[in-house]
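# Got a sequence here, can you build the structure:
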Amino acid sequence: MASSQNIALVAGSTGISGQALARQLAEAHWHTYGLSRSGSVKLPGVTGIEVDLLDADATRQALASVGPRFVGITAWIRRSTEADNISTNTATIRNLLNALEPAGTVRHVALMTGLKHYLGPFEAYGKTVMAETPFHESEPRLDYPNFYYAQEDVLFEAAPRMGFTWSIHRAHTIQGFATGNAMNMALTLAVYGTLCKELGLPFVFPGSEMQWNGLTDLTDADLLAEQMIWAGTHAAGRNEAFNVANGDIFRWRWMWPQLASYFQVDWEGYNGSIRTLESRMNDMGGAWQEIASRHGLVEPNIDRLASWWHSDADLGRTIEVMTDTTKSREAGFLGFRNSVRSFLDRFDQYRRARIIP
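Next comes the predicted model:
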């Protein structure tokens, strides 16, 4: 492609997945725009656009001169009910695509969703029959409203009208290098491990017996970004949905001691009850401020680092959750990650960035 055509737009560029995607596009010499509501994260080589996608007029004005060829959508807004999730998160995609339509430049849109495609939304757990594990892309939709389905439908409707191809990327729990977002297990566990080390507390597994003893997998944010870019630049990735996970499977009873070893703390596994992070860590704001001051850390506000609720939700599941990634490999995307190394590399990054000591 000519350099003038290498224009990319990442919606949700301050999130864990959006930051990884925007970084990789910029490093690959795409002229990259990063769109977010806050504009709080500045990335090298990425031009920031601060706009609320729920404001259709403001979105049109903000994107009037962008003209991207590749669009990655990693943004979502959490609401308390699935009905509100559907209304809000379809409006953002519709407003984004409507704003880009007049320029006629978009050739591919990559949408990140997740495994609630197969599990159903949080409010539907136990109310519907989930897909068989490991999850396959060929599974039919569940008979329950789901904002992932609604987002897909907006994309499918716009694609022939605007003349672009699409791809759907269904990730499991995503971990990566990012701050200031609500769904980052790697950073949450890094903060947790640091608190345990500094305060002499045991590194207690906060989840369920199923998660402690059962098989599971994870998704590295960099791997997700690689797959999204691959799908937008290879014919085999067009107009397809793909699971994306690291490629290995593990049991938390095997993983947990290795994470504890990194922080040089004693650990405790599942002992018959769920001991949530939220119930044990919610009052640690003052302790973190003291740790941050003593070690010269860059972020004293623990709420901008740890998302106790999200890690509790993932680790507290009482159902088996893992994915099959055969379809992606058969199509030609052969990326993978070692999940232990993925965690430890992220912890190292957070140390170098002075986010943890």
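# quick one, strands of the stretch 51-200 of the chain?
Secondary structure of the stretch 51-200 of the chain by DSSP state E, counting those that start in this stretch: the strands cover 70-73, 108-114, 165-171, 174-175.
# by contact count, what packs against the last one?
Spelled out, that is strand 174-175. In this structure, strand 174-175 makes packing contacts with helix 16-27, helix 185-199, strand 219-220, helix 221-233, helix 339-352, judged by 3 or more Cβ pairs under 8 Å, 6 or more residues apart in numbering; DSSP states H and E. C-betas here are computed from N, CA, C, even on glycine.
# burial of residue 270, as a residue count?
Neighbouring residues of residue 270 were enumerated by other Cβ atoms under 10 Å; the total is 21.
# Now it. Its backbone dihedrals?
Main-chain torsions, residue 270, degrees, to the nearest 10: phi -60, psi 130.
# show me the contacts for it.
The neighbourhood of residue 270, defined by Cβ atoms under 8 Å, 6 or more residues apart in numbering, consists of 205, 207-209, 211-213, 253.
# Quickly check those residues for the two that are furthest apart.
Within those, two members stand farthest from each other by Cβ to Cβ: 208 and 253, at 11.9 Å.
# Which one of the two is surrounded by more residues?
residue 208 (18 against 14).
# hang on, isn't that one packed against residue 313?
No. Residue 208 is not in contact with residue 313 according to Cβ atoms under 8 Å; the separation is 10.8 Å.
# okay, and for the stretch 1-150 of the chain, where does confidence drop off?
1-4, 40, 125-128 (pLDDT under 70).
# which stretches of it form helices?
Per DSSP state H, counting those that start in this stretch, the stretch 1-150 of the chain carries helices over the ranges 16-27, 56-63, 82-100, 116-119, 147-162.
# Among those, show me which one is buried the most.
Per-residue neighbour counts averaged over each of those give the maximum for helix 16-27, namely a mean of 26 (mean count of other Cβ atoms under 10 Å).
# Contact partners for residue 119?
Contacts for residue 119 were tallied using Cβ under 8 Å, 6+ apart; they are 125, 130-131, 319, 321.
# Could you rerun that using 7 Å?
Residues in contact with residue 119 (Cβ atoms under 7 Å, 6 or more residues apart in numbering) are 130, 321.
# now do residue 291
Contacts of residue 291 were listed using Cβ under 7 Å, 6+ apart, and they are 194, 198, 357.
# most neighbours, which of the residues you listed?
Of all those, residue 194 has the most neighbours under the rule other Cβ under 10 Å, reaching 25 neighbours.
# Just give the nearest non-adjacent residue to that residue, would you?
Setting aside the residues directly before and after it, residue 194 is nearest to residue 356 in space (Cβ to Cβ, 6 or more residues apart in numbering), at 4.8 Å.
# Pull the residues that contact stretch 336-346.
175-177, 186, 218, 220, 223, 246-248, 250, 255, 258-259, 262.
# got it, and stretch 148-162?
With Cβ under 7 Å, 6+ apart as the contact definition, stretch 148-162 has outside contacts at 86, 89-90, 93-94, 97, 101, 106, 109, 111, 113-114, 116-117, 141, 165-166, 168.
# would TSV of the helices and strands packed on strand 174-175 with distance to residue 6 be doable?
Formatted as TSV, the entries for the helices and strands packed on strand 174-175 read as follows, by distance: least, Cβ to Cβ, whole Å:
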stretch	distance to residue 6
helix 16-27	9
helix 185-199	30
strand 219-220	25
helix 221-233	10
helix 339-352	27
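# Need the winner for burial among the ones you listed.
Taking mean count of other Cβ under 10 Å as the contact definition, the stretch among the helices and strands packed on strand 174-175 with the greatest mean neighbour count is strand 219-220, which reaches a mean of 29.
# List the contacts of residue 356.
Shown here is residue 356, whose contacts under the criterion Cβ under 7 Å, 6+ apart are 190-191, 194, 350.
# Quick check: residue 193 touching residue 266?
No. The pair residue 193 and residue 266 does not pass the contact test of Cβ atoms under 7 Å, sitting 11.5 Å apart.
# Specify the stretch among the helices and strands packed on strand 174-175 that is closest to residue 47.
Within these, the stretch nearest residue 47 is helix 16-27; the backing value is 9.3 Å (Cβ to Cβ).
# What is the burial count for residue 164?
Neighbour count for residue 164, taken as other Cβ under 10 Å: 24.
# Now for the nearest residue to residue 288 once chain neighbours are set aside, how many residues are close by?
By the measure of Cβ to Cβ, 6+ apart, the closest residue to residue 288 outside its immediate chain neighbours is residue 302, 4.0 Å from it. Per other Cβ under 10 Å, the neighbour tally for residue 302 reads 20.
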